[in-house]
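Peer 1: what follows is a predicted structure for the sequence shown.
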Amino acid sequence: MVRDGPFPACFLHNPSLGRSAMNRHPPSFHHHLTVDHRRWVGALTLAILLSTDAIASRSGHRNPPSPEHGITEQTAALTKNPNNASAYLRRAEFHLALAGLEHDDPHLRAAADDLAAATRLSPSEPDTHGKYADVATRLGEYQLAVVEYTAAIGLAPRHASLYAGRGLAYLALRKDRRAKVDLSYAVRLSPGLRAQLEAEEARIRAGRQEIITQTMVRHEAAIDAREDVSPDLSCLHHMPLHMMSQCRHGRRADLVP
């Protein structure tokens, strides 16, 4: 999610991967915060998943299979053994290789479902929790991302990328105090992340401010569009003072001439 290095669980792999993909998908804040957040994570996750070595080593193929073929293979494996956590994980990776950068892509949701199953069947793998957290971030489900990053941190407490991911998810949830703790600790574990995380934090805060501004504009427009209906005060003429308040609030309509 940061321009000069992979984001969240991607750090657990190869920090040099994904630069070309990041350059093709630079972040911008003319989109809603969650859309921008998801798109940026998506570009980085896609770069990791398209690594030939990563897919080939897990599938056993000399040349990696196409994502479609990989999904078919892993589905067949799961038909034979529905409790195969590795098959769910591999199928999730193939779904992510096909997923676009939008949050409603069916392959993205399918990957989330597979990763949920993988974490349930193999809860002691921090990498799986980290990947699930990344996908949750792409879906804009930041609370789920926090839960999964927390699970991964419990299993791998020295990975700076996990604290960075959780800190940024907290920031998107407007839990600034918790975000500061996690981001500071990520920098403490890996000082080289400082500039990257500061830039990302600035982007998220700018996006949050843009959302606030847009909401205020819509609210003001709605107020302006409301009809200004003046109350009928004709009943106040020739009325004793002690009755005026009641009439003004509509409680003595029977006294209106």
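Peer 2: All right, it came through fine. Predicted model only: the values in this text are computed from it and were never measured.

Peer 1: ok, the nearest residue to Ser190 once chain neighbours are set aside - how many residues close by?
Peer 2: Once flanking residues are discounted, Ser190 sits nearest to Ala160: 3.7 Å by CB to CB, 6 or more residues apart in numbering. From N, CA and C alone the C-beta is placed, and that goes for glycine too. If you count neighbours by other CB atoms under 10 Å, Ala160 ends up with 20.

Peer 1: then Ala87?
Peer 2: Neighbour count for Ala87, taken as other CB under 10 Å: 23.

Peer 1: please apply the same query to Gly70.
Peer 2: 22.

Peer 1: the residue nearest to Ser190 and Leu197, how far apart?
Peer 2: Distance of Ala160 to Leu197, computed by CB to CB, to the nearest Å: 9 Å.

Peer 1: what residues are up against the residue nearest to Ser190?
Peer 2: Phe11, Tyr185, Ala186, Val187, Leu189, Ser190, Leu193 (CB atoms under 8 Å, 6 or more residues apart in numbering).

Peer 1: any of these buried? List them.
Peer 2: In the contacts of Ala160, burial by neighbour count holds for Phe11, Tyr185, Ala186, Val187, Leu189, Ser190, Leu193, counting by 16 or more other CB atoms under 10 Å.

Peer 1: of those residues, which pair is most distant in space?
Peer 2: Greatest spacing in those, by CB to CB: Phe11 and Tyr185 (14.2 Å).

Peer 1: element containing the nearest residue to Ala77 once chain neighbours are set aside, please.
Peer 2: Using CB to CB, 6+ apart and skipping residues adjacent in sequence, the residue nearest Ala77 is Ala87, 4.3 Å away. Using DSSP states H and E, Ala87 sits within helix 85-98.

Peer 1: which residues does the helix or strand following that helix contact?
Peer 2: Sequence order places helix 106-121 as the next helix or strand after helix 85-98, per DSSP H and E. Helix 106-121 has contacts (CB under 8 Å, 6+ apart) with 42, 83-86, 88-89, 91-93, 95-96, 98-100, 102, 125, 128-129, 131-132, 135-136, 138-139, 148, 151.

Peer 1: if any of the residues you listed are buried, give me the PyMOL selection for them.
Peer 2: A single PyMOL command selects the buried members of these (16+ other CB under 10 Å):
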select buried, resi 42+84+85+86+88+89+91+92+93+95+96+98+99+125+128+129+131+132+135+136+138+139+148+151
